[in-house]
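**Q** Need the 3D shape of this:
(2 chains)
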Amino acid sequence: MSHGTLIAITFGLTIAATLGLMGWSFAAMRSAERRADALRRES
Amino acid sequence: MHGFANPARFLKIARPLTLWLAATGLIATAAGLAAGLLLAPPDRLQGELFRVLYVHVPTAWLSMAGWTGLAVASLVQLVWRHPLAGIAARAIAVPGALFTALCLATGSLWGSRAWGTWWQWDGRMTSMLVLLFLYFGYIALANAGDERASVSRVTAIYGLIGAINIPIINRSVVWWNSLHQPASISLSGSAIDSSMLWPLLVAALGFSLLFGAIVLMRMRTILAEARIEARLKRMAAA
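**A** Sure thing, here's the model as predicted:
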């Protein structure tokens, strides 16, 4: 494995994992806040 | 501090702050990593391989800062019974565990070339692995309790006791013989040339802002789920 490949793997892994967790957390937050608002309007 | 004990007041600040942290974090991370890849000169001994530090160091810093924040939140929960402290600690655990795993993975990949070994049971690497298991233990304990909007006292005490590992990680390269180099950046100065240092500081700031955005998103999720649970209980009782 060349140094370039190793750098690409480490950068790619870190960026993908960070953005992945951010996207997942954002989706969970939007879904929970929408459900909470919908329930509040219902009752 | 108790001014933020009201979730409505907290949310009023957290909503715009989440967006601000995410946006500035993305810009700073992209700028720091791009500068680290394109502008920083190759290292005299390691050549291009040293560039791994632009992702390894921020993840290492955040894995330790994450547990420090978790321990402070646990202390605030135990001593002052602040209602948001348990939520904050719970929200830190998953991103903290992820950054610890990334620190170990990037360090191991770098070590395979720089040291000729993927892993060594020395003080720094072993104490970082212990930190990863501490995060796993915290997540399991937090999810095992009945309290969804906070964490139990036992979980908070665990968070506090786990903080013992943070100075051990920090001092491990001084206390024991290690393949890992001693700290290059300290309060008294830096052993890294400024042309290599500034992209690292920008990347570390960017990842820290993203970490903050993730924690705020997770805190908002926990608060929204608590509101849902409370409303469903009220509706069922009516």
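**Q** shaky segments in chain A?
**A** By pLDDT under 70, chain A has no low-scoring segment.
**Q** Would you state the helices of chain B in chain order?
**A** B:7-38, B:53-80, B:85-114, B:123-144, B:153-162, B:165-175, B:194-237 (DSSP state H).
**Q** and the fourth one, is it in reach of chain A?
**A** It stands for helix B:123-144. No: shown here: helix B:123-144 not in contact with chain A (Cβ under 8 Å from any Cβ of the partner chain), separated by at least 13.4 Å. Yep, even glycine has a C-beta here, placed from its N, CA and C like the rest.
**Q** List the buried residues of that helix.
**A** Across helix B:123-144, burial judged by 16 or more other Cβ atoms under 10 Å in any protein chain shown covers B:123-128, B:131-132, B:134-135, B:138-139, B:141-142.
**Q** Now render these as TSV, adding pLDDT.
**A** What follows is the buried residues of helix B:123-144, written out as TSV (pLDDT from 0 to 100):
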residue	pLDDT
B:Gly123	92
B:Arg124	94
B:Met125	95
B:Thr126	95
B:Ser127	96
B:Met128	97
B:Leu131	98
B:Leu132	98
B:Leu134	98
B:Tyr135	98
B:Tyr138	96
B:Ile139	96
B:Leu141	94
B:Ala142	92
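**Q** Quick check, pLDDT for B:Pro7.
**A** As predicted, B:Pro7 sits at a pLDDT of 78.
**Q** which residue sits closest to it, ignoring its sequence neighbours?
**A** B:Leu223 (5.3 Å; Cβ to Cβ, 6 or more residues apart in numbering or on different chains).
**Q** My guess is that neighbour contacts B:Asn6. True?
**A** No: with contact defined as Cβ atoms under 8 Å, B:Leu223 and B:Asn6 do not form a contacting pair (11.2 Å).
**Q** Name the residues contacting each of the two.
**A** When Cβ atoms under 8 Å, 6 or more residues apart in numbering or on different chains defines a contact, no residue borders B:Leu223 and B:Asn6 alike.
**Q** what about the two, which has more around it?
**A** Set B:Leu223 next to B:Asn6 and count neighbours by other Cβ atoms under 10 Å in any protein chain shown: B:Leu223 wins out with 24 against 12.
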